[in-house]
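Chemist: Provided below are the primary sequence and the corresponding predicted coordinates.
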Amino acid sequence: MRAALLALSFPVVELVLGPWALTGFHMGDDLPRFFVVPGVVLLVLALVVLADAHVRLIIDGKGTPSPLAPPVRLVRSGVYRFARHPMYVATTVALVGEALALRRAVLLVAAGAYAVTLFALARWWEEPLLRRRFEDY
């Protein structure tokens, strides 16, 4: 249970505390007004993908996203059919959605830095780890 709570705390930090620290969740005027609705749509869709990814790891993988209780089975269902790291994609898209909805360019910069960091993490740490853990990866 502790590992599941820890795993769920990461999206809170990434999508709530980080953007709040950068913007205070105050609407800006850096971006055009018509970006607000597409931003909200992106944010909602990203949260749906994120929820599905978490549920798939718990139910199909018999684990959590946390290194303290990793999945024991390789998950290839749900959003994992379309992306190897759907949580990384979803949180990046959610940050872009927040940037558009709040009309704050600083969140677009943060989303870019976040995407580059997660790409490096996936490429050089997570991919080799998954290859070692799962023969059919």
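Modeler: Arrived safely, thanks for sending. From a predicted model like this one, the values you see are computed outputs, not experimental measurements.

Chemist: which helix or strand lies directly C-terminal to the helix or strand of the chain with the lowest mean pLDDT?
Modeler: Every helix and strand of the chain was ranked by mean pLDDT, DSSP states H and E. The lowest is helix 2-12, at a mean of 72. As assigned by DSSP states H and E, the chain's next helix or strand after helix 2-12 is helix 18-23.

Chemist: pull out the buried positions in that following helix.
Modeler: For helix 18-23, a neighbour-count test (16 or more other CB atoms under 10 Å) marks 18, 19, 22, 23 as buried. Heads up, the C-betas are built off the backbone N, CA and C, glycines and all.

Chemist: and for stretch 104-122?
Modeler: For stretch 104-122, by 16+ other CB under 10 Å, it's 104, 107, 108, 110, 111, 114, 115, 118.

Chemist: secondary structure element holding the fifth one?
Modeler: Read that as residue 111. Assigned by DSSP H and E, residue 111 falls in helix 105-121.

Chemist: pull the CA atoms of that helix into PDB?
Modeler: Written as PDB, here are the backbone C-alpha positions of helix 105-121 (Å, rounded to 0.1, in the frame of the first residue of the first chain):
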ATOM      1  CA  ALA A 105       4.700  29.900 -21.500                       C
ATOM      2  CA  VAL A 106       6.900  28.900 -18.500                       C
ATOM      3  CA  LEU A 107       4.900  25.600 -18.300                       C
ATOM      4  CA  LEU A 108       5.700  24.900 -21.900                       C
ATOM      5  CA  VAL A 109       9.400  25.300 -21.100                       C
ATOM      6  CA  ALA A 110       8.900  23.100 -18.000                       C
ATOM      7  CA  ALA A 111       7.200  20.500 -20.200                       C
ATOM      8  CA  GLY A 112      10.100  20.500 -22.700                       C
ATOM      9  CA  ALA A 113      12.600  20.100 -19.900                       C
ATOM     10  CA  TYR A 114      10.500  17.300 -18.300                       C
ATOM     11  CA  ALA A 115      10.200  15.500 -21.700                       C
ATOM     12  CA  VAL A 116      13.900  15.600 -22.300                       C
ATOM     13  CA  THR A 117      14.700  14.300 -18.700                       C
ATOM     14  CA  LEU A 118      12.200  11.500 -19.000                       C
ATOM     15  CA  PHE A 119      13.400  10.500 -22.400                       C
ATOM     16  CA  ALA A 120      16.900  10.100 -20.900                       C
ATOM     17  CA  LEU A 121      15.600   8.300 -17.900                       C
END
